[in-house]
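Peer 1: Sequence and predicted structure, then a few things I'm wondering about:
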Amino acid sequence: MRKDELAAAQAYVRLLEATRAALSDPDDAPLYLPLLTSPIEEADGALRRAGLSGNESRFFDLVRALQPSMSSSGR
């Protein structure tokens, strides 16, 4: 995995974790959703720099390699 691909996969994992935290309490979610702006921008930029925008299959292969627990097939 190239450095830029690793950065994109890591940014996505951080975005996913931040989203889960923001949405963990449905009553408070509206307060925390604006805090996701920065992680979304980070992930979008990392995807563009790695040339992975529009190549979701390759991107999610990289994410699974980084964090196998995110695979729905249990690989």
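Peer 2: In hand now; what should we look at?
Peer 1: Low-confidence regions, the chain specifically.
Peer 2: Across the chain, the ranges flagged by pLDDT under 70 are 70-75.
Peer 1: which stretch of helix or strand covers the most centrally placed residue in it?
Peer 2: Centroid check for the chain by C-alpha atoms, centre = their mean gives Tyr12 as the closest residue, at 1.5 Å. Following DSSP states H and E, one finds Tyr12 within helix 3-23.
Peer 1: other SSEs contacting the next helix or strand after that helix?
Peer 2: Next helix or strand after helix 3-23 toward the C-terminus (DSSP H and E): helix 29-32. On a contact count with 3 or more C-beta pairs under 8 Å, 6 or more residues apart in numbering; DSSP states H and E, helix 29-32 meets helix 3-23. No exception for glycine: its C-beta is placed from N, CA and C like everyone else's.
Peer 1: Tabulate the CA atom coordinates of the helix it packs on in PDB.
Peer 2: Only the C-alpha atoms of helix 3-23 are listed here, as PDB (Å, rounded to 0.1, in the frame of the first residue of the first chain):
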ATOM      1  CA  LYS A   3       1.700   6.200   1.600                       C
ATOM      2  CA  ASP A   4      -1.100   8.200   0.000                       C
ATOM      3  CA  GLU A   5      -3.400   5.100  -0.100                       C
ATOM      4  CA  LEU A   6      -2.600   4.400   3.500                       C
ATOM      5  CA  ALA A   7      -3.400   8.000   4.400                       C
ATOM      6  CA  ALA A   8      -6.800   7.800   2.600                       C
ATOM      7  CA  ALA A   9      -7.700   4.500   4.300                       C
ATOM      8  CA  GLN A  10      -6.700   6.000   7.700                       C
ATOM      9  CA  ALA A  11      -8.700   9.100   7.100                       C
ATOM     10  CA  TYR A  12     -11.700   7.100   6.300                       C
ATOM     11  CA  VAL A  13     -11.400   5.000   9.400                       C
ATOM     12  CA  ARG A  14     -11.100   8.200  11.500                       C
ATOM     13  CA  LEU A  15     -14.200   9.600   9.700                       C
ATOM     14  CA  LEU A  16     -16.100   6.400  10.400                       C
ATOM     15  CA  GLU A  17     -15.100   6.400  14.100                       C
ATOM     16  CA  ALA A  18     -16.000  10.100  14.500                       C
ATOM     17  CA  THR A  19     -19.400   9.400  12.800                       C
ATOM     18  CA  ARG A  20     -20.100   6.500  15.100                       C
ATOM     19  CA  ALA A  21     -19.300   8.700  18.100                       C
ATOM     20  CA  ALA A  22     -21.400  11.600  16.900                       C
ATOM     21  CA  LEU A  23     -24.400   9.300  16.200                       C
END
